[in-house]
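Q: Generate coordinates for the sequence data below:
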Amino acid sequence: MSKLAWYAGRATAMSPREVVWRARRVVDTLTNRDGLREYADSRMLTNLGSDWTALLQDFRDGIGRPVLLDQERAGEVQSQHLAQVGRLLVEADRVLAGDRTYFGHRTVNVGRAVDWNHDPIADYHWPAVAGSRIDHRAGRRDPKWIWELNRLQHLPLLAQAWLYTDELRYSEAAFAHLDSWLDQNPIGCGIAWRGAFEVGVRAISVALGVQGLRNAPAMTTSRYRRIVRMLDASARHCWHARSRFSSANNHVVGELAGLVTVHLLFPELSAPAALYGRALDTLTEEADRLILPDGAGAEQSVAYQIFTAELLAVVVALLQLSGERVPVRLTEALNRGAAYLVSLVGTEDPDPRYGDDDDSFAVRLGAEHKRTVREHLGIVGAVTAHATAARYGHRTLTSAWLGNALCTSAGRPGVGGDDPTPSAYAPNGGLVVLRHGRRRLTMDVGPLGYPATAAHGHADALGITLSVEGRELVTDPGTASFYGDPAVRDMHRGTRTHATVCIDNVDQSLIGGPFYWRSRARTTVHSVDLDRGVVDAEHDGYCRLDDPVVHRRWLIAPAEDPVVIVVDLICGLSDHDVAVSWPLHPDLVSTPTRTGQRITRDGEPVLELCYAATTTIWPEQVRADGASNLGWWSDRLEARRPAWLVGARCRSGAPVAILSVLHVGDPGVTAAPRIVREGSALKVSWYQQDGQHGLTIDAGRRGAVSGVSLSPLMGLVGKR
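A: So this is what the prediction gives:
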């Protein structure tokens, strides 16, 4: 897509107020009113007579501010978490040696004297010009790596290493990095200052890292003054250039969390103090928008929900430590989000995977390179003392520091629950979770994303995932790329790679750019019956075709049966190419059968898929296809692994109905699946070793599924 077309498309997602606001932003940048300049001390400090040596001493003593990283607390954390501290020290030594590993990229060595504007992955040097003049979208350059380097999230790691060991090499390296960063990135200049979001996230790490280093011998008055001046400009810029309107997703949370953190840790700064009240109010409002009433993330991404919540958790923790008022809505947002995530992972289910994931951290206090849901729950439990979050959460150094500082119990390991986690439905986020024993099914019946751009959502309406015994079978393909490869980016967030139906090889929603959807599929939920294990929903994403098409799907998963039934009804008037897909975890092997695929792991059968349709249908599978980008799985940004994408395809005049039979485990034989359409009724049958099974769907009624097995082993699926 051309740059002009992208701008034209984005403009259609903007309200008149947003257009005016963006125009003012341009004027502010041109007239140096965007916060990106240094203030004189007399204007920067609340007390005109302040002396920087006295200010540094107050900072060292923790006077008038919250203290998270300190010597005494480091000893407590280290005694409780020796193994994790050991891993952190190994990571700190890697940083000292110059090694950096970001996303799925190879490890590179940036040397001891870091060039903060050089990307060794692309071997590209970002220009030393005003950040506002840099077009990070231009060409095939990927700004994610250089942004990650410039978030300076290794500083809290080096600060902790010094606190744990008293070895000066850690603190001196941290200050050497800060000195060189400030030399190479004067305020407002360079890719590091391209966007207030990066500025806000970096401010959190620098502020907390410097706090941990406040008593180090290398902390001089001149260094303190220089660092604080940079943080003052950062906080001002986070407010003046904050994301609003159609751009107000997790970015505005990162920006305002950075501003609030700077104010709380450096209360002597006048501008952050003046902006603090409005920033906290806005942050509270955004928390309510981004974490929905049912606890799901509005961005339709588990990873971004965790990232957003941890930014909020940093703010809540610092507010508590400072004795400031904590808005109740912030705590409530964290707690309802945690309750929702518990409903997804339970005691042993794998992390759910949907929407974008870029491995972002609010702050790095441990050596882990990717946050898990249970680690996140441990952090929320430490901050809010939420019993369920603490019970299911896993401990990390992050939760240990927070738990010790706030005197909560979440520094202890989570013990999970004795009772099985029940099935659940989040109507706002639009995710259904059907459980039986150690089987978990999810079905996406929610919106594409949030807000006007749906930036981090994927075109996976009515998509399904399946895990058994804590391991994924049918999965989400992951994100794979943001800027690195546009074709990979589009395929991994497109419809064909997800466990849903793709019509005529086009996406349900229309891509407008790397983080923008021009049009969105809208889902209608007809029925969710958790007790019977029946979901009935449809979407209108293909109504934009020349021959409008509606895709309706029934998921039928009775708790007492190993078979999962999925019926797709495609309603239209003309011929269409219809493909139903089941993306598999890369540990699985697919072998074609006469009616579908048999799936094994380490030679043992774990799943069998069989298909039938009201027309001729043929199974198909693909793995690691470089031309189409089908058959890949990604768990890290800019990395992917070969994985089977299996399914079936037909071409027929609509309406057409497709049956997918998923038998978990070793079915012995699953044969002769059949589906026929009689008026509004869809009659389904298949054979297993114990005999014939069947059910009937009345498409004229919501959730109307009834069935009687011809074998006494199956029993009733349900009656209406």
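Q: per-residue confidence at Gly718?
A: On pLDDT, Gly718 comes in at 37.
Q: now Met14
A: Looking at Met14, its pLDDT is 64.
Q: Check Ala559 too.
A: Reported pLDDT for Ala559: 85.
Q: Surely it touches His436?
A: Yes: if you go by CB atoms under 8 Å, Ala559 and His436 touch, sitting 4.0 Å apart. To be clear about C-beta, it is placed using only N, CA and C from the backbone, and glycine gets the same treatment.
Q: Glu620 bridge partners, please.
A: Beta bridges link Glu620 to Gly647, judged by DSSP bridges.
Q: what about it, how many residues close to it?
A: 16 (other CB atoms under 10 Å).
Q: Which of Ala559 and His436 has more residues huddled nearby?
A: Between Ala559 and His436, His436 has the larger neighbour count (other CB under 10 Å), namely 17 against 14.
Q: Strands of the stretch 1-150 of the chain, start to end?
A: Along the stretch 1-150 of the chain, counting by DSSP state E, counting those that start in this stretch, strands occupy 99-100, 108-109, 118-119, 124-125.
Q: what pLDDT, on average, does the second one get?
A: The average of the pLDDT scores along strand 108-109 is 98.
Q: Can you pull out the residues in contact with it?
A: Ala97, Gly98, Asp99, Arg100, Thr101, Pro120, Ile121 (CB atoms under 8 Å, 6 or more residues apart in numbering).
Q: tell me how far it is from the chain's mean position?
A: 26 Å (CA atoms, centre = their mean, to the nearest Å).
Q: Could you do the last one as well?
A: With CA atoms, centre = their mean as the basis, the distance from the averaged C-alpha position of strand 124-125 to the chain average is 28 Å.
Q: Summarise which helices and strands that strand is packed against.
A: strand 118-119 (3 or more CB pairs under 8 Å, 6 or more residues apart in numbering; DSSP states H and E).
Q: Please identify the pairing partners of the strand it packs on and their relative orientation?
A: strand 124-125 (antiparallel).
Q: quick one, what contacts Glu268?
A: Contacts of Glu268 (CB under 8 Å, 6+ apart): Leu45, Thr46, Asn47, Ser50, Leu55, Asp58.
Q: in the stretch 51-200 of the chain, which spans are helices?
A: Taking DSSP state H, counting those that start in this stretch as the criterion, the stretch 51-200 of the chain carries its helices at 52-61, 71-80, 82-97, 143-150, 155-165, 168-184, 196-212.
Q: most tightly surrounded among these?
A: Counting by mean count of other CB atoms under 10 Å, helix 196-212 has the highest mean neighbour count of these, with a mean of 27.
Q: pLDDT averaged over that one - what is it?
A: Helix 196-212 carries an average pLDDT of 98.
Q: Quick one: work out the angle between the next helix or strand after it and helix 52-61.
A: Scanning forward in sequence from helix 196-212 by DSSP states H and E, the next helix or strand is helix 221-240. With axes from the mean of the first three to the mean of the last three CA atoms, to 10 degrees as the basis, helix 221-240 and helix 52-61 are set at 80 degrees to each other.
Q: The helix or strand following helix 221-240 to helix 221-240, inter-axis angle?
A: Beyond helix 221-240 in the direction of the C-terminus, DSSP H and E gives the next helix or strand as helix 250-265. Orientation of helix 250-265 against helix 221-240 (the same axes, to 10 degrees) gives an angle of 140 degrees.
Q: Give the other helices and strands that helix 250-265 contacts.
A: helix 196-212, helix 221-240, helix 270-290, helix 302-322.
Q: and it, how far from the chain's centre?
A: 19 Å.
Q: Can you dump the C-alpha atoms of that helix in CSV for me?
A: Extracted in CSV, the C-alpha atoms of helix 250-265 (Å, rounded to 0.1, in the frame of the first residue of the first chain):
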residue,chain,number,x,y,z
ASN,A,250,-1.7,0.7,25.2
HIS,A,251,0.5,3.6,24.0
VAL,A,252,-1.3,6.2,26.1
VAL,A,253,-1.0,4.0,29.2
GLY,A,254,2.8,3.7,28.6
GLU,A,255,3.1,7.4,28.1
LEU,A,256,1.1,8.4,31.2
ALA,A,257,2.6,5.7,33.4
GLY,A,258,6.0,7.2,32.5
LEU,A,259,4.9,10.6,33.5
VAL,A,260,3.4,9.5,36.8
THR,A,261,6.5,7.5,37.6
VAL,A,262,8.8,10.5,37.0
HIS,A,263,6.6,12.6,39.2
LEU,A,264,6.5,10.2,42.1
LEU,A,265,10.2,9.4,42.1
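Q: From the contacts of Glu268, pick the one nearest Arg133.
A: Nearest to Arg133 out of the contacts of Glu268 is Leu45 (CB to CB; 30.7 Å).
Q: number of nearby residues for that closest one?
A: 21.
Q: Report the central residue of this protein.
A: With distances taken as CA atoms, centre = their mean, Ala303 lies nearest the centre of the chain, 1.8 Å away.
Q: nearest residue to that one other than its sequence neighbours?
A: Spatial nearest neighbour of Ala303, excluding adjacent residues (CB to CB, 6 or more residues apart in numbering): Asp357 at 3.6 Å.
Q: got the contact list for Val656?
A: So Val656 contacts Leu569, Ile570, His576, Val578, Ala613, Thr614, Thr615, Cys650 (CB under 8 Å, 6+ apart).
Q: swap that for Tyr354, sorry
A: So Tyr354 contacts Gln300, Ser301, Val302, Leu431, Asp444, His458, Asp460, Gly463, Thr465, Asp476 (CB under 8 Å, 6+ apart).
Q: So what pairs up with the fourth one in the strands?
A: Note on Leu431: beta-bridge partners Ala426, Asp444, judged by DSSP bridges.
Q: And it, how far from Ser343?
A: Using CB to CB, to the nearest Å, Leu431 is found at 9 Å from Ser343.
Q: before we move on, back to that, of the contacts of Val656, grab the buried ones for ChimeraX.
A: Applying 16 or more other CB atoms under 10 Å to the contacts of Val656, the buried members can be selected in ChimeraX as follows:
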select :569,570,576,578,613,614,650
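Q: quick one: low-confidence parts of the protein?
A: For the chain, the stretches with pLDDT under 70 are 1-14, 16-35, 139-140, 409-419, 667-671, 708-720.
Q: Show me how it divides into domains.
A: Per automatic domain parsing, the structural domains of the chain span 1-33, 424-718.
Q: From the chain's centroid, how far away is the longest one?
A: With CA atoms, centre = their mean as the basis, domain 424-718 stands 22 Å off its chain's centre.
Q: where's the closest residue to Ile617 other than its chain neighbours relative to Gly297, distance?
A: Residue nearest to Ile617 in three dimensions, not counting chain neighbours: Cys650, with 4.2 Å by CB to CB, 6+ apart. Separation of Cys650 from Gly297 (CB to CB): 35 Å.
Q: Can I get stretch 107-120 as PDB, trimmed to CA atoms?
A: Taking C-alpha atoms only, stretch 107-120 is exported to PDB below (Å, rounded to 0.1, in the frame of the first residue of the first chain):
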ATOM      1  CA  THR A 107      22.100 -12.500  19.700                       C
ATOM      2  CA  VAL A 108      24.400  -9.600  18.700                       C
ATOM      3  CA  ASN A 109      27.200  -7.900  20.500                       C
ATOM      4  CA  VAL A 110      27.000  -4.200  20.700                       C
ATOM      5  CA  GLY A 111      30.300  -3.800  22.400                       C
ATOM      6  CA  ARG A 112      31.100  -2.100  25.700                       C
ATOM      7  CA  ALA A 113      30.900   1.300  24.000                       C
ATOM      8  CA  VAL A 114      27.300   1.200  22.600                       C
ATOM      9  CA  ASP A 115      26.200   3.000  19.500                       C
ATOM     10  CA  TRP A 116      22.600   3.600  20.500                       C
ATOM     11  CA  ASN A 117      21.500   4.500  17.000                       C
ATOM     12  CA  HIS A 118      23.000   1.500  15.100                       C
ATOM     13  CA  ASP A 119      20.900  -1.600  14.400                       C
ATOM     14  CA  PRO A 120      23.300  -4.500  13.900                       C
END
